[in-house]
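1. Curious how this folds, go ahead:
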Amino acid sequence: MYCLRAAFFVILITSLSSYGQTQLSKQNDFIDGVYQTLDEFKTNNPSIPSVVIIQDKERYALRQVICEENIVYASKEGTSKIAAVHIWGICVYGDPYIRYKGCFIKIARFGLISTFALPLILYTGPDLPNTPDIDVFAVDLSTGSIFHQRNDASKIIDIIKRDEFFKNTRIKKKDIGFYINQYNARHPFSFSND
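-> Numbers count the residues shown, from 1 in each chain. As a prediction, the model looks like this:
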């Protein structure tokens, strides 16, 4: 009986530690660079590929949010900069970031519906959420639409329910993260060949 409880405990801890985490797989290795459009991101074809982002690139590997008005980069042609407003996203050390609210935020949970966390210090929405540090958003990578995970939960649920498997499932807003994971397991992100 003790072994059965121990095995159950190990399975429970393992499943809880992986809850909410869909890692990028080797089939989704992003090319470091600047992605000016969603289509470039979806095809893994940055308009400014294989660049070295100059502004403290080493700190980006540890940061979840990068707030810069311009992205300065070095390429074969030399050093250049591009206004952040003209960029959909960037990739630094293989980690994709999406531009939102004037900053680049690291994509935390990845799939066709990806999520990212925005520190409240950067959040300027009308209703500050109850969470003390972060607010979670979801991006539908098929359209590029961004949704507030709590306030727009019904829109995210509508996307999930497009899949026949979930059509008759009663999805509660409080469980939206779980269902995003389930949806992403059935609809992983993969680069298109366009």
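
2. buried ones in the host helix or strand of residue 157?
-> Per DSSP states H and E: residue 157 is located in helix 153-160. Buried positions in helix 153-160, judged by neighbour count with 16 or more other C-beta atoms under 10 Å: 153, 156, 157, 159, 160. Bear in mind the C-beta positions are built from the backbone N, C-alpha and C, glycine included.

3. Name the nearest of those relative to residue 144.
-> residue 159 (12.6 Å; C-beta to C-beta).

4. List the contacts of that closest one.
-> 113, 140, 183 (C-beta atoms under 8 Å, 6 or more residues apart in numbering).

5. quick one: contacts for the last one?
-> Contacts for residue 183 (C-beta under 8 Å, 6+ apart) come out as 111, 112, 113, 159, 160, 163, 166.

6. Apply 7 Å and report the result again.
-> Residues in contact with residue 183 (C-beta atoms under 7 Å, 6 or more residues apart in numbering) are 113, 160, 163, 166.

7. Save the buried residues of helix 153-160 as a markdown table, and put in distance to residue 77 and pLDDT too.
-> Shown next, in a markdown table, are those (distance: C-beta to C-beta, whole Å; pLDDT from 0 to 100):
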| residue | distance to residue 77 | pLDDT |
| --- | --- | --- |
| 153 | 45 | 90 |
| 156 | 41 | 92 |
| 157 | 46 | 92 |
| 159 | 40 | 92 |
| 160 | 44 | 93 |
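
8. any idea which of the residues you listed is closest to residue 44?
-> After measuring these against residue 44 - C-beta to C-beta - the closest member comes out as residue 159, at 22.6 Å.

9. Which positions in whichever helix or strand comes after the helix holding residue 157 come out as buried?
-> Downstream of helix 153-160, the first helix or strand assigned by DSSP H and E is helix 176-186. Of the residues in helix 176-186, 176, 177, 179, 180, 181, 182, 183, 184 count as buried by neighbour count, 16+ other C-beta under 10 Å.
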